[in-house]
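[1] this one's structure only:
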């Protein structure tokens, strides 16, 4: 299977970055084809520019002449069968760099199109049949449930609409990371590897 892993964390020494490496190691064990983006390491610019807003609907080839830094991200999305997002949940949602990746890369005529006269978008990333999130939360599950887990809704109610209509979604989350013991972190990383292996084979 062709798998794209996108990491969003500023520290390569973080537990989230470690989880990303665990995901990649498990994918290698399964002999999957892997492409990986570490958004901070690549210095991805999350800012949606005035040009992008004014040309929100338009020819992709023309846009990429002005935005060549997005080409590899787009090609990797169009290539993969599975998309794995690894990030910390901050302020109930994705880090700004990942939200900006959604804003800039999931563009019209790449991820979706709105046919003339239609009321709903038509997905274009129908090659993606698995959407997996690996994330951590500082607070416990009860507090996150009260807050509504807006980050989870962003991925599973919005991003998923641009993928295959039968895309399989997996939410692998560690709650209460701020007070977690080394043993709890170790158990969670093992859980991540098992879920990745089970879902993607």
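    Structure received. Because the structure is a prediction, the values reported are computed rather than measured. Numbering: from 1, shown residues only.
[2] and after the helix or strand of the chain with the lowest mean pLDDT, which helix or strand comes next?
    The helix or strand with the lowest mean pLDDT-type score in the chain, counting by mean pLDDT, DSSP states H and E, is helix 141-147 (a mean of 69). Moving toward the C-terminus from helix 141-147, the next helix or strand (DSSP states H and E) is helix 150-153.
[3] what about the strands in this protein?
    Along the chain, counting by DSSP state E, strands occupy 2-7, 33-38, 82-89, 112-113, 122-123, 130-137, 168-174.
[4] sheet-wise, list the partners of the first one with their directions.
    Yep, that's strand 2-7 we're talking about. Based on DSSP bridges, the pairing partners of strand 2-7 within the sheet are strand 33-38 (parallel), strand 82-89 (parallel).
[5] can you give the contact residues for it?
    The list of residues contacting strand 2-7 from outside it, by CB atoms under 8 Å, 6 or more residues apart in numbering, reads 16-17, 20, 23-24, 27, 32-40, 76-77, 79-87, 98, 101, 200. The C-beta positions use only the backbone N, C-alpha and C, and glycine is treated the same way.
[6] residue farthest from the centroid of this protein?
    In the chain, the greatest distance from the average C-alpha position (CA atoms, centre = their mean) is reached by residue 117, at 30.3 Å.
[7] phi first, then psi, for that one.
    phi 80, psi -10 (degrees, to the nearest 10).
[8] going forward, begin numbering at 50 instead of 1
    Happy to do that; since the first residue is 50 now, the last one works out to residue 166.
[9] looking at it now. What's its pLDDT?
    Predicted confidence (pLDDT) at residue 166: the value is 78.
[10] what mean pLDDT does stretch 144-161 have?
    The average pLDDT within stretch 144-161 is 96.
[11] same check, this time on stretch 58-72
    When pLDDT is averaged over stretch 58-72, the result is 96.
[12] go through it and flag the buried ones.
    Judged by neighbour count using 16 or more other CB atoms under 10 Å, the buried positions of stretch 58-72 are 58, 64, 65, 66, 67, 68, 69, 71, 72.
[13] export these to TSV and tack on distance to residue 215?
    Listed next are the buried residues of stretch 58-72 as TSV, based on distance: CB to CB, whole Å:
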residue	distance to residue 215
58	30
64	32
65	29
66	31
67	32
68	27
69	26
71	27
72	23
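[14] out of those residues, the closest to residue 100 would be?
    For the buried residues of stretch 58-72, the minimum distance to residue 100 (CB to CB) is 28.4 Å, reached by residue 58.
[15] test my guess that that closest one contacts residue 144.
    Yes: taking CB atoms under 8 Å as the contact criterion, residue 58 and residue 144 are neighbours in contact, 7.3 Å apart.
[16] anything in contact with each of these two?
    Taking CB under 8 Å, 6+ apart as the contact criterion, the residues that touch both residue 58 and residue 144 are 136, 137.
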